[in-house]
Structures are given as structure tokens and as C-alpha cells.
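Asker: A structural model of the following input is requested.
(2 chains)
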Amino acid sequence: MARREHLLKIGVSGIRGVVGEFLTPQLACAFAQAFGTYVGQGRVVVGRDTRASGPMLQHSVACGLLAAGCQVIDVGVLPTPTIQIYVASSGARGGIAITASHNPSEYNALKLFGPSGLIFNSYERGELLDLFHQSDFRQASNEEIGSVTCDYDAPKRRHFERVLRHVDVERIRARRFLVGLDAVNGAGAVTTVPFLRDWLGCRVEAINVDPTRPFPRVAEPRPDTLGDLSELVRRTGADLGFAQDPDGDRLAVADETGRVIDNDDVLALVVDAALENLPGDVVVNLTTSAVVNDIARAHGRRVYRTPVGEANVVETMQVVNAAIGGEGSNGGVIFPAVHMCRDSYTGMAFLLDRMARTGQTVSELTRRLPRYYRKLGKVTYEHGMLGALMQALEDRFPDVETDRSDGLKLTWPDAWIHVRASNTEPILRLAVEASDQARMESMYSGLEKLFAEVKGA
Amino acid sequence: MPMRAAKSLRISHVGLRGVVGSGMTAAHVIDFASAFGTFLESRAPVVIGRDPRASGAMIREGVIAALQATGHDVVDLGLVSTPVIQHTIRRLDAAGGISIGASHNTADWNALKFFGARGTYLSTAEAGELLDIYHLHNFDFVPWNKTGALRRLDGAIDGYLDGLAAVYDLEAIKGLKVLVDCSNGTSSLLLRRMNERFGFNFILINARLQGAVFAHEPSTTASVVALQLAPLMTTVGADAGFLFDVDSDRVAMATEEGAPVSEELALPLLADWVLPRVPGRLIIANLSSTALLEEIARRHGAKVIRIPVGRHTAIDALASYREEQIAIAGEGTGAVMMPQFRFVYDGIASMLGVLSMMVERRSTLSEILGGYPRYSILKGQVPISSPRIPALLMGLQERYADGRANVVDGLRMDWPDRWFHVRVSQTEPLVRVIAEQRGDPPQELFEELMEQVRRFA
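Answerer: Presented below is the predicted three-dimensional model:
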């Protein structure tokens, strides 16, 4: 018998689910009240992306926060990094972004931030989860209950000012780049056009910038979902194209021919730019391309690898005081000098800055990168399968370097394989990279074959 | 006091009421509003508004979230009197409404009052269904892309005043000088607008909306009138004085001589005014209110229908007669409704009725009141253990067998010149004892009753 579908996940990553039957106002309110209890009385910033369920959840969250005795600062529809930076710069106790990021429209979630606008570390998230489950909430009395105030303008300004401190704005403005933009009708729909046009002097050809409309494509900005952006760049003769996810933390880039370049290559270009200006090492997740190692080596820096997930990368970045970090295939750049969060605006500014400085096009910049071939796939998760696959892989390749911190990663001098369970969906993710395309293809089909054998056994 | 804390949440046919934090929490609010959103069959919008209690900000967020999650658009009137919400429901053909406010309770309390599509309180059967849905937690949440929208409505007060102007001869009464104690509630918003729009001469005290500290208990009793309003009457030289509870559905009075008027007198006074003007011959009143009503009814060839105490029982009674049969309905608390201005407990409309009466009779308030025979009422309460209540009531009925008994709500015994009512409070573990007599207080009867009741404590 098929298992009953339960499209809700409450765990150390917070609360996420399909709104309606699963993610209810009750759960959102209780989680927010737990959060308000955890961070204590004071101001808490609340914003959201453009999902249809956003207003309902925002009222639920405001209810829970006020009930815990917090003041609520409503910043409306904004990208997640903008919200985090505002939390950090406004002396708030914390912040909540109502967004399921790159998940489909029917999902929503709460992203929770501590007093510095940082994702909680795993221990803090565990504590908060316990508090939620114990229902041991602070219950403010009438006299202790605060109010909701709005600040819709300051957050964008603060975010953009912080980003642009690290690039030569005048040099970018002088180029009057023609930029194609696909904001997926998400939070970027209200902030990205002004950022590119008013702050960076670009000419902008934009699609999907109506925040009242549903997402017109798969929310995750990956090469295979961005046909409209490619077409837009080709049609308008744009210098490059940008695509965001609904909460504006992830970025994908198309070159001047309309080809959407690999997200790992975008990260590599931004890492290269950052290391030129700042000291410090690099932190990326296990599934990020080896191209980052090559770039770091050229700058004489070290690369730290973490389990997949922004929180894991951020945790290690803090510990090693990294210059830059990110998650390649997810399209995320984390630049602590702006803020310790995934930020598509930093990515956009760095790339435009590099083009302005070198006079090169995106395809020219990308061509200079060491070439690797990657394949990422997924198979349906079944309990017990990951462990069996990991054992089979180690048996097959006994003499190779292994990392078991998130599934299993096998690393050869010129290639790697990574198998892991997704944090947010019931799937196993398979990833293979090699410096030679034929070798990569044969490794990937070998991996699929091995999985089929394990499953059949 | 733990005893008080344990009793500070009340969920009943009247709705949800409690001390915020220690009794009534965000979770109660969202659950109850979700139940109401589920209960309403029409998907039309729901009208909401609130009184100035600080906790109203928190409760408002939860109510909006729950209504949106159950697929209702929400029309928010902001800070507003309960009768305005009820009128707006009818004007907009809304599905129903919720008033957030604890009326005559102290500031630390709050409550949700629910109204159906006619703008009236729910009947006993409807309120029972709402409670069943609440207890089952079986809410009809709509899918993620069907959640409701929030809209603010300005001009609700003017729409309500249009209705008043159509029923009352405002021109005739606007010359009177009227002192009003607003109890820091929302009546000040209405009365200021009436001064502005119609040229009334309302002089307001305690007119500032307060979230945490009220100038006095916002109760419409003669003893509260005696605190500030009555002593100021002659100094100001006002023709009449009125005191409203926080959400202005109840009213109390002071005469031009500065005498506080018993809250019991609002209903008979208005019955005396309205009976010659309408075809209806029925007065709906609960068992605990004064027998002066019967006397006034006789003068106009009308009849008093005595019903159990409680707002839903009034709605049940109203539904069991044709609308044109009813002249007036109300309680001895200063809550009165006159069908000429809809079946809504409305302190403002009641005040206009009294002022109209003064002008039409060319009499002062004390002259009009002086024309009624004196009735004296004594009230007491005794804590009791529930198992012994039936025996108590049976014993009293046997002891006073020479009276006319009514047992629909405890025991009411009537004699030609006096009556008593012994009933169990719906909100506290108390037996309430009320005795009234034409002329002097029924001291002996009252003490005897108290003695009998105490024996069962």
C-alpha cells in the first residue's frame, strides 16, 4: 500500500510544507511563537517572497511573534538576503523570511535568522525545535504585547549599499551594460530592476517581474529551466542574462550567446574576483566542482568542503573566517564582507564588475576556467538504499579518498562521485564530475548500474 | 492567585474570551477563527474590527491568517465599534464578521465575538456547531493558491452614520449639549465624526484610545457612571450624560442633575420611547431584568417575553417571531437593540433614542425618569458546588410555592409587586441572586434567599 502523502517537514531546518492541508496557520504561528520565545523580547523582522500563501503565513507569523512579546517589523516582499542584512543592520533580535526558496509554488517555509541576520547553527536549531515541540512558549500579557510597524524602503538601500562597496560602481555604470533578467515573478521582481538600472546604470530587458503573478517556470534557476532567459538574451542582444529564484538568494547566468552557464562556473568566477581583493580561504559544499580548487590554488588559498546546505557552509565559513563560499550547483554565492548569506545581488555585481574591468564577455571569462564535465541526477529515495549504495561504492573503489560527512564522496585526482540524501525532498542525489567528458559519462552510467544492482539485491 | 488564572479562559456559546497570555493564547485565536472560517458556508468576505486593547494587534493577525487560510477575503475596519462591524456586514453582504474586543471587561481581557451574514450574534444552534468544529479541529483549509486577500475599508463609520441619519431625526437633537464618557474605547471615533459631520455638541471625556490602562473599569453600571461622568454633569451644564463600554454596544446614563442612572433603566426607557412609534408589541428581555418593563408594556398594550440570560438566547427568541412583531430587545446591562435600526446591540443608537425622547417630550432626563414608579433591586452572588444546584432550585420552588414560577433559566418567581431570580452564572462558578420590588428594596426576601442559597454552598 502506498504511504499516505505527508508534504510537511518540521526539523532542524525549520518548517516547510505544502500550504493548505499540511502547512497550516496553526503550525506557522506556533513555530513563530517558539522563535519569539527563543530570541527574546525585542524587534523581529518579517518579510516574504511572492508566493500566494505568503500573506496568510505572514499574518500567522506576526500573531505568534506578538504573542511571544516581540515587536514585528514588516518589510513586505523582499529577497531573503535583503531581509538578513536588514536584521543585521537594525539591531533586531532576529528575522523570519517566509519563503520556500527554490521549491515549487505550493510549498512555503519559514527561514529563521538570529540577531546578526545569520542562519542558526545546528545546535541553536535543535534548541528551537525542542522549544517548539514542548509548546513552552512565552505568553505575553496585554501590557507586554507590541505592535507591527512597516519599513519598506530602508532594507533595499542598506543591502545595495553594502554590495556596491566591493565593486567599482562608476566603471560598471560607464559600460551601460544591456542585461536580460528573469526574476521568476519572485521577490526579485520588485528589487532587481532598480538594482541593475538605477544603482548600476544597466539597461534592463526583464521578463517575469510581476510579483502578483505565479511562478512561470521551475523555481530553481538551473540551465535546463531557463529557456526563456536564453531566448530573451538572444532576441535583445543583451551582454548577459541573470535569473533568480523566488527569494533572490540563488543566481544563474546566461552568456551573451544566451547559453546558460554552469552554476559552478559562476561561483568560480565570483570566487576568483573575491580572492583578488581579500585574504582568506574558500568554503564550498561537497558537490561543488573542483574548478573552485583550481581557482583557490592559483591564489594560494585553501578550500574547505562541507555537507550540502547553506547552514553547513556558513557554519564552517565562520569558523575559518573565509573570504568567500558557496554551493556551486545550487547557484549560491556567500560573501561575508557583504553578509554571511547566499546573495544573488553580490553575484550580479561581481560579475558585472569583472566584465567592466577586463572588457571580456561572459563566454570569454568562462572559457578561461579549467574545464570539467558534470552530471547531476536523482532517484527516488527508499529507506535503506543510501547505506547500501555507499557500501557498494566503497567495495568497488577501495583505494580512493572518501568523505562520509554527507552521504559518500569518492575523490580521484581528476574526478569525483557524490551520493547523498536530499535535505528537503524524498530523493537520493547522484553527482559525478571528471575532467574528461567520456570518463564522466562512463562513471555516471556505472553509478546508475551499481544503484540498480543494489536495489535489485 | 492560581484560581483566577485557571478561570481566565472561557470558550462557550458566546465565543472565546480570556485574559491574554495566562488564559487566551494565539493558538486559541487561530483555532477559533479557523473554526469560524470553516463554519461560514458562504465564501463571501468576512468583516473584522477591533477595540484598542494592545493584545488586539496580536489577535487581529491570527484572525486574518485563519480566515485567509479558510479561503475568505478579509475586510478590516481597524479600530472600530462593534455595531459598525455589524452594520458593515449587512452593507457589504459579507459572510459574517468578527469583533475583537472584550467590551466591558478590564484591559487584560480580550475576546472574539462572532456574527453571521445578518450581522447578528449566532443562534444557540449555530454557536454550538462552531464549538463542535473548534473542538474537532477539523478545519477546511483551502489550497495554497486559494487563500484569501486582505482589504482595508475606510468610511465604514460614515456608512454607519448614514444608516443612523436615515432612522433618527438628527437635526432635532443635535442642539443638545451631551457629555460622554468613552471609557477609552472606540465610541470617541464615532462621536467626533458626528460632531464634525452633523454639528453635534458631544463633549468627550476619556476619549483617548488606550491599549493597556483604562481610566476606569469600562463597565456600564451606575457605580462607574458615578466615578467621573455624573460629578461633571452640572459643571459642564450638559443636558444628558452617557457612558459607553469599550466597543460601544452598551450604554449607561447620567441625568442633567448629575445623578447616575441604573443600567437597568436603559431598556424600559427606550421601550417607552419606541413602543408608540412601531407596530411591534413584544419586548424581549431576559429573566434578570427589571419588572418596570411589564409596567411600561402595559401602558402601551405590549407584552414582555422573558428569556434566559445570554446573547444567543436573544437571537433564538428574535428568530421565533416575525420581525414586525418585535418592538425592542435587550438586557439589564445597558445593551439594547431596536429593530428599526437592525437587530444589533447598539449603545450609540440607544443614546440617540434617549435624546430624541427628551426633545419630543420637551423634558429633561430626570423629569422623564421621575415619571416612572420606583423599583429597587438587590443583587448578590454565592459560590456553589454544581451537584447541589438542582436540589437548591427545587427547594426554593417549593418554599415559595405561592409565586408564579419560570424555570427556563434557574428559577424566577413572580408576585404582583416583586420577583426574584436565582440562576447559575455561565461564566463563573457562582449562583446569582436578584430580587426586585416596586418601591423599597425587598431586604427581607433577599436575605432569606441568600441564606437559603448559602446552605447549598
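Asker: look up how far B:His421 lies from the nearest residue in space to B:Ser183 that is not next to it in sequence.
Answerer: Residue nearest to B:Ser183 in three dimensions, not counting chain neighbours: B:Pro218, with 3.8 Å by CB to CB, 6 or more residues apart in numbering or on different chains. Using the backbone N, CA and C atoms, a C-beta is placed for each residue, glycine as well. Using CB to CB, to the nearest Å, B:Pro218 is found at 25 Å from B:His421.
Asker: also A:Arg429?
Answerer: On the measure of CB to CB, A:Arg429 and B:His421 end up 74 Å apart.
Asker: of those two, which one has the most company?
Answerer: B:His421 (24 against 20; other CB atoms under 10 Å in any protein chain shown).
Asker: pLDDT on the helix or strand encompassing the more buried one, on average?
Answerer: Secondary structure from DSSP states H and E places B:His421 in strand B:418-424. Average pLDDT, strand B:418-424: 95.
Asker: partners of it, with directions?
Answerer: strand B:411-414 (antiparallel), strand B:430-438 (antiparallel) (DSSP bridges).
Asker: how about those strands in JSON lines, adding mean pLDDT and mean neighbour count?
Answerer: Shown next, in JSON lines, are those (pLDDT from 0 to 100; neighbours: other CB atoms under 10 Å in any protein chain shown):
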{"stretch": "strand B:411-414", "mean pLDDT": "96", "mean neighbour count": "21"}
{"stretch": "strand B:430-438", "mean pLDDT": "94", "mean neighbour count": "21"}
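Asker: out of those strands, which gets nearest to A:Pro216?
Answerer: strand B:430-438 (63.1 Å; CB to CB).
Asker: residue ranges of the strands in the stretch 201-350 of chain B, please?
Answerer: B:201-205, B:240-244, B:251-254, B:260-261, B:282-286, B:303-307, B:326-330, B:336-337 (DSSP state E, counting those that start in this stretch).
Asker: can you list contacts of the fifth one?
Answerer: Translated: strand B:282-286. Outside strand B:282-286, the residues within contact range by CB atoms under 8 Å, 6 or more residues apart in numbering or on different chains are B:267, B:271, B:293, B:297, B:302-310, B:313-314, B:317-318, B:321, B:325-332, B:409.
Asker: which ones are touching A:Met390?
Answerer: By CB under 8 Å, 6+ apart, the contact list for A:Met390 reads A:Arg404, A:Gly407, A:Leu408, A:Val419.
Asker: surely the second one and A:Ala421 touch.
Answerer: Yes - under the contact definition of CB atoms under 8 Å, A:Gly407 touches A:Ala421, with a separation of 6.4 Å.
Asker: okay, which residue is most central for chain B?
Answerer: B:Ala335 (3.9 Å; CA atoms, centre = their mean).
Asker: for the residue nearest to that residue when sequence neighbours are not counted, give its distance to B:Lys303.
Answerer: Distances taken as CB to CB, 6+ apart put B:Tyr345 closest to B:Ala335, at 4.2 Å, once the chain neighbours are dropped. Distance from B:Tyr345 to B:Lys303, counting by CB to CB: 21 Å.
Asker: between these two, which one's more packed in?
Answerer: Neighbour totals were compared for B:Tyr345 and B:Lys303, and B:Tyr345 leads with 27 against 13 (other CB under 10 Å).
Asker: distance of the more buried one relative to B:Leu282?
Answerer: Counting by CB to CB, the gap from B:Tyr345 to B:Leu282 is 17 Å.
Asker: where does chain A come near chain B, residue by residue?
Answerer: Neighbours of chain B within chain A, by CB under 8 Å from any CB of the partner chain: A:18-21, A:24-26, A:28-30, A:33, A:51-53, A:55-57, A:59-60, A:62-64, A:66-67, A:105-108, A:137, A:139-148, A:214.
Asker: on that earlier part again, list the contacts of the residue nearest to B:Ala335.
Answerer: So B:Tyr345 contacts B:Thr82, B:Pro83, B:Asp249, B:Arg250, B:Arg311, B:Gly330, B:Ala335, B:Val336, B:Met337 (CB under 8 Å, 6+ apart).
Asker: identify the residues contacting the fifth one.
Answerer: Read that as B:Arg311. Going by CB under 8 Å, 6+ apart, the list of residues near B:Arg311 reads B:Val14, B:Tyr121, B:Tyr345.
Asker: nearest to chain A, of these?
Answerer: Nearest to chain A among the contacts of B:Arg311, counting by CB to the nearest CB, is B:Val14 at 19.9 Å.
Asker: per-domain residue ranges of the chain.
Answerer: Just going to use chain A. Following automatic domain parsing, one gets these domains for chain A: A:8-152, A:158-367, A:373-456.
Asker: hmm, no, I was thinking of chain B.
Answerer: B:2-154, B:158-257, B:264-370, B:375-455.
Asker: dump those domains into TSV; add distance to A:Asp182 as well.
Answerer: Shown next, in TSV, are these (distance: least, CB to CB, whole Å):
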stretch	distance to A:Asp182
domain B:2-154	21
domain B:158-257	45
domain B:264-370	53
domain B:375-455	59
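Asker: smallest gap between the stretch 151-300 of chain B and chain A, at which residue?
Answerer: Closest point on the stretch 151-300 of chain B to chain A, by CB to the nearest CB, is B:Ala212, at 4.6 Å.
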